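Undergrad: Quick check, what structure comes out for this input:
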Amino acid sequence: MNPLNIVILAAGKGTRMYSGKTKVLHALAGKPLVQHVLDCATALQPQQLCVVYGHGGEAVPGAMQQYAARFVLQEPQLGTGHAVQQAMPHLADGGQTMVLYGDVPLIQQGTLHQMQQAGSGLVLLTVHLDNPTGYGRIVRNEQGGVLSIVEEKDASPEQREIREVNTGILLAPTNKLREWLAKLCNNNAQGEYYLTDIVCMAVQQGVAVHTVQPAHEWEIHGINSKSQLAVLERTWQQVEAARLLAHGVTLADPARIDVRGKLICGRDVEIDVGCIFEGEVRLGDNVRVGAYSVIKNSTIADGTEIAPYSHIDSSEVGANCHIGPYARLRPGTKLHNDVHIGNFVEVKNSEIAAGSKANHLSYIGDSSVGSRVNIGAGTITCNYDGANKHRTVIEDDVFIGSSTQLVAPVKVGRGATIGAGSTISRDAPEGELTLSRAKQTTVIGWKRPVKKK
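TA: Here you go, the predicted structure:
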């Protein structure tokens with residue numbers, strides 16, 4: 001296969017977004033529009049990847065610096081042809097050059113690969129729309145060959161009736177593209193250099209012009225407003241829901257799930273309404289996720305049940321655990337098998353071994369908790385001294401009474417019991433009862449103050 005260059009046009013201001021953020025950095029399914037395109041382009045393994053940016057200054061290169069791409073400024077913005085001209089000095093001769101758009105985020109790798117297989121010459125991605133308003137029309141001769149692309153503002157009434165439209169995505173021999181771009185002129189209604197004018201040049205030179213259609217219409221939808229962004233967001237979520245259903249996941253309502261990244265599910269997974277999955281999430285077999293839970297960059301092992309309104313972030317949850325409702329697992333949490341984290345319990349940067357429980361209203365931070373530990377309601381690990389974090393160690397078979405404060409650094413030995421209401425600031429020995437309470441006093445004859453009239 002010929003060497004491939006890819007140029008992504010991402011210089012548009014996005015006036016109709018009514019935002020101080022450059023258009024291509026608005027998020028769809030949890031990541032910027034242009035990042036979707038960069039991920040798809042990178043999968044094709046181009047020899048050179050070039051992003052043409054403009055409005056928003058260095059925001060686009062700054063946000064996408066993890067990609068091995070060359071970022072080229074287009075200033076001023078004089079049309080799509082002018083934008084590609086800015087990239088050409090950075091592209092090697094020979095091979096082919098593909099043009100993509102940073103505000104057309106859902107183009108799929110399979111469609112682009114189909115363009116690569118379409119043959120030599122100029123390859124256009126076109127689509128038939130019931131409502132082609134706003135798109136350039138594909139003008140063909142009587143034999144069906146492509147003659148030109150006419151932008152809507154320049155189209156005649158008859159041409160506006162054409163339903164086959166240009167998506168803007170194309171593939172051309174790099175040397176020919178360089179030649180055609182040098183001949184562009186701006187004698188049109190917008191006074192811009194249209195990339196689409198290269199089609200006429202190809203036809204005049206006898207270069208074959210091929211057309212390819214995407215597998216799905218939503219692949220070519222561009223974003224110019226918040227309403228279009230919202231529509232495409234829901235479209236993509238429906239695609240994700242259909243994928244999950246096809247793989248055997250049970251969704252209580254396919255219209256009420258948001259996948260903002262990659263969700264991988266085992267067998268017999270059940271997901272209730274309103275759940276959000278961010279980053280990379282893996283759910284094992286027989287996992288149940290309760291309504292309105294949020295899971296981000298985490299792994300949930302087989303048989304675990306997550307009750308409604310739970311938040312899990314950058315955590316590892318073992319098999320047959322029970323989480324929530326209203327539980328929060330913060331980054332660095334690792335739960336082994338059969339752990340129970342109950343309502344309004346928060347765990348951060350802690351490891352909890354098998355069979356342990358914290359069922360009510362507790363905070364466990366920077367801790368190592370052994371097996372079969374019972375942590376009573378209202379227990380807090382006091383891990384922060386105002387400057388540094390300290391570790392709490394709770395060994396196997398410990399019972400922590402309710403409303404206990406463990407002031408780190410501190411260790412509770414194996415089999416120890418901590419009496420309810422204690423503040424533990426020194427190590428508690430194995431197998432013993434440790435408690436700290438002020439003496440209870442009753443003041444005989446004390447009268448409660450009465451509010452003055």
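
Undergrad: do you know how far Trp180 is from Val199?
TA: 9 Å (CB to CB, to the nearest Å). Bear in mind the C-beta positions are built from the backbone N, C-alpha and C, glycine included.

Undergrad: More neighbours: those two, which one.
TA: Using other CB atoms under 10 Å as the criterion, Trp180 and Val199 rank with Val199 on top: 26 against 23.

Undergrad: what about Ile444, how many neighbours?
TA: Other residues near Ile444 come to 4 when the count uses other CB under 10 Å.

Undergrad: now swap in Gln35 and tell me
TA: 20.

Undergrad: quick one: contacts for it?
TA: Gln35 is in contact with Ala63, Met64, counting by CB atoms under 8 Å, 6 or more residues apart in numbering.

Undergrad: Over to Thr304?
TA: Thr304 sits next to Gly284, Val287, Arg288, Val317, Gly318, Ala319, Asn320, Cys321, His322, Ile323 when contact means CB under 8 Å, 6+ apart.

Undergrad: Let me know the pLDDT of the third one.
TA: The predicted structure scores Arg288 at 98 on the pLDDT scale.

Undergrad: Identify the bridge partners of it.
TA: Arg288 forms beta bridges with Glu270, Glu305, as assigned by DSSP bridges.

Undergrad: how far away is it from Asn224?
TA: 40 Å.

Undergrad: now swap in Thr404 and tell me
TA: Distance from Thr404 to Asn224, counting by CB to CB: 57 Å.

Undergrad: Which of these two has more residues huddled nearby?
TA: Neighbours were counted for Thr404 and for Asn224 using other CB under 10 Å; Thr404 has more, 25 against 15.

Undergrad: what's that one in contact with, if anything?
TA: Thr404 neighbours (CB under 8 Å, 6+ apart): Gly376, Gly378, Thr379, Ile380, Ile418, Gly419, Ala420, Gly421, Ser422, Thr423, Ile424.

Undergrad: Show me the two of those that sit farthest apart.
TA: Greatest spatial distance among the contacts of Thr404 (CB to CB): Ile380 and Gly419, at 15.4 Å.

Undergrad: ok, now how distant is Val231 from Asn224?
TA: For Val231, the distance to Asn224 - CB to CB - is 11 Å.

Undergrad: Can you give me the buried ones in stretch 71-85?
TA: Buried residues in stretch 71-85, counted by 16 or more other CB atoms under 10 Å: Phe71, Val72, Gln74, Gln77, Leu78, Gly79, Thr80, Gly81, His82, Ala83, Val84, Gln85.

Undergrad: Need the residues you listed in TSV (columns: secondary structure, distance to Leu263 and pLDDT).
TA: Formatted as TSV, the buried residues of stretch 71-85 follow (DSSP: H, G, I helix; E, B strand; the rest coil; distance: CB to CB, whole Å; pLDDT from 0 to 100):
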residue	secondary structure	distance to Leu263	pLDDT
Phe71	strand	31	96
Val72	strand	35	96
Gln74	coil	37	93
Gln77	coil	38	88
Leu78	coil	42	91
Gly79	coil	40	91
Thr80	helix	35	93
Gly81	helix	40	95
His82	helix	41	95
Ala83	helix	35	96
Val84	helix	36	97
Gln85	helix	41	96
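
Undergrad: these two touch, right, Gly12 and Lys23?
TA: Yes - in this structure, Gly12 is within contact of Lys23 by CB atoms under 8 Å, at 5.3 Å.

Undergrad: Name the residue in those two with the higher neighbour count.
TA: More crowded of Gly12 and Lys23, by other CB under 10 Å: Lys23, with 27 against 24.

Undergrad: For that one, give me its contacts.
TA: Neighbours of Lys23 in contact, by CB under 8 Å, 6+ apart: Gly12, Lys13, Gly14, Met17, Leu33, His55, Gly102, Asp103, Ile223, Asn224.

Undergrad: Confidence-wise, which of these comes last?
TA: Of all the contacts of Lys23, His55 carries the smallest pLDDT score, 78.

Undergrad: Spit out the contact partners of it.
TA: Going by CB under 8 Å, 6+ apart, His55 touches Ala11, Gly12, Lys13, Gly14, Thr22, Lys23, Gln77.

Undergrad: what's the closest of those to Asp253?
TA: Proximity of the contacts of His55 to Asp253 was ranked by CB to CB; the top entry is Lys23 with 31.3 Å.

Undergrad: pretty sure Ala202 is touching Glu179, no?
TA: No - using CB under 8 Å, Ala202 is not in contact with Glu179, being 10.2 Å away.

Undergrad: Now, of the contacts of Lys23, which are buried?
TA: Burial by neighbour count, judged by 16+ other CB under 10 Å, picks out Gly12, Gly14, Met17, Leu33, His55, Gly102, Asp103, Ile223 from these.

Undergrad: Keep only those of the residues you listed that are in helices.
TA: Secondary structure assignment by DSSP state H places Leu33 of the buried ones among the contacts of Lys23 in helices.

Undergrad: Checking my notes, Asn359 in a strand, right?
TA: Yes - if the criterion is DSSP: H, G, I helix; E, B strand; the rest coil, then Asn359 is within a strand.

Undergrad: Next, count neighbours for it.
TA: Asn359 has 17 neighbouring residues, counting by other CB under 10 Å.

Undergrad: for the one 3 residues further on, same thing?
TA: Neighbouring residues of Ser362 were enumerated by other CB under 10 Å; the total is 23.
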